[in-house]
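Participant: Quick one: sequence and predicted model below, then my questions.
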Amino acid sequence: MAQFEPGHLHIERHALTPDDVSYNVKLDYEVSKNDKGEKGIQFTMHGSIQGKDMSETFFLPKEEAYNFARDVTRIAEKYGIPKTHSQIGSIHKHYDLMFEDIREQLNMKSGDPVNPEHFE
């Protein structure tokens, strides 16, 4: 199950077999600036993964904001989701809505310049 509204994505899955995974994760996000004054998105991922409460916050600069699924996957693995199940954001319809919302919030357009240092 997944639900999206601007600034918030909720993804829930209940294990159907002993080898399956369970999570109830909310991903909240908003435009923010980091300590260097760079505009980007502040993400807060919270809820439960494999029955363990969790809460993680991360910031991605404007150029990297679209790559939030990388961090979501890393956090899911940290809390016990095996790599074979760690892409909890495979609900593309909802991620597409989130990408579009982030693009609008950051006023991003195709061809905008990027800071290569963010990709080192």
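Facilitator: The structure has been received and is ready for your questions. Numbers count the residues shown, from 1 in each chain.

Participant: pull the longest helix from the protein.
Facilitator: Taking DSSP state H as the criterion, the chain has its longest helix at helix 92-105.

Participant: Check which helices and strands that one is in contact with.
Facilitator: strand 2-5, strand 8-13, strand 23-33, helix 68-78 (3 or more Cβ pairs under 8 Å, 6 or more residues apart in numbering; DSSP states H and E). (C-beta placed from N, C-alpha, C; glycine too.)

Participant: Can I get the ones you listed in CSV including mean pLDDT, distance to residue 56 and mean neighbour count?
Facilitator: Below are the helices and strands packed on helix 92-105 laid out as CSV (pLDDT from 0 to 100; distance: least, Cβ to Cβ, whole Å; neighbours: other Cβ atoms under 10 Å):
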stretch, mean pLDDT, distance to residue 56, mean neighbour count
strand 2-5, 92, 19, 14
strand 8-13, 93, 14, 19
strand 23-33, 96, 10, 17
helix 68-78, 90, 5, 18
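
Participant: Serialize the ones you listed to a markdown table and add fields for distance to residue 94.
Facilitator: Formatted as a markdown table, the helices and strands packed on helix 92-105 follow (distance: least, Cβ to Cβ, whole Å):
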| stretch | distance to residue 94 |
| --- | --- |
| strand 2-5 | 4 |
| strand 8-13 | 6 |
| strand 23-33 | 10 |
| helix 68-78 | 11 |
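
Participant: who's in contact with the host helix or strand of residue 46?
Facilitator: Assigned by DSSP states H and E, residue 46 belongs to strand 39-49. For strand 39-49, contacts defined as Cβ atoms under 8 Å, 6 or more residues apart in numbering pick out 21-34, 53-62, 64-65, 68, 71-72, 75-76, 79-81, 102, 105-106.

Participant: repeat that with 6 Å
Facilitator: 23-30, 32-33, 55-62, 65, 68, 75, 79 (Cβ atoms under 6 Å, 6 or more residues apart in numbering).

Participant: Could you pull up the residues touching residue 98?
Facilitator: Counted by Cβ under 6 Å, 6+ apart, residue 98 has contacts residue 9.

Participant: can we see that at 10 Å?
Facilitator: Residue 98 is in contact with 4-9, 27, 29, 66, 68-69, 89, 91, counting by Cβ atoms under 10 Å, 6 or more residues apart in numbering.
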